[in-house]
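>>> Quick one, fold the following:
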Amino acid sequence: MKHWELEVEGEQIRAEWNEAATFNMQSRSYNGQWVDYHCFTVYGIESEQAALECCIGAVRVRTP
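Take a look at the predicted model:
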């Protein structure tokens, strides 16, 4: 499992990738725990860089 922590417009976002096809986007709950808010699947990812680009794309979709 790989993960990245990103800051988007002052909000911390954590993206997890199972190194296959599944992603979990997480934000902090009121008590500081990471909580899933969006899960998605992308097939055919062949590198960690490509996975990170998918995460960044998912964050862009979430923000106005």
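>>> Please count neighbours and contacts with C-alpha atoms only from this point.
Noted.
>>> any idea which helix or strand of this protein has the worst average confidence?
The weakest-scoring helix or strand in the chain, judged by mean pLDDT, DSSP states H and E, is helix 48-62 (a mean of 84).
>>> ok, and the closest non-adjacent residue to the most centrally placed residue in the chain?
By C-alpha atoms, centre = their mean, the mean C-alpha position of the chain lies nearest to A15, the distance being 2.4 Å. Excluding its sequence neighbours, the residue lying closest to A15 (C-alpha to C-alpha, 6 or more residues apart in numbering) is M25, at 4.6 Å.
>>> Before we go further, the one you found is sitting in a strand, right?
Yes: the assignment for M25 by DSSP: H, G, I helix; E, B strand; the rest coil puts it in a strand.
>>> So it is in contact with Q12, correct?
No: under the criterion of C-alpha atoms under 8 Å, M25 makes no contact with Q12, lying 10.7 Å away.
>>> Neighbour count for those two, which is higher?
M25 (22 against 13; other C-alpha atoms under 10 Å).
>>> which residues does that one contact?
Applying C-alpha atoms under 8 Å, 6 or more residues apart in numbering, we find M25 in contact with 13-16, 36-39, 55.
>>> Report the separation between it and F40.
8 Å (C-alpha to C-alpha, to the nearest Å).
>>> Next up, phi/psi of the residue nearest to the centre of the chain, please.
Main-chain torsions, A15, degrees, to the nearest 10: phi -120, psi 130.
>>> Is it bridged to anything, and to what?
Beta-bridge pairing of A15 under DSSP bridges involves W4, M25.
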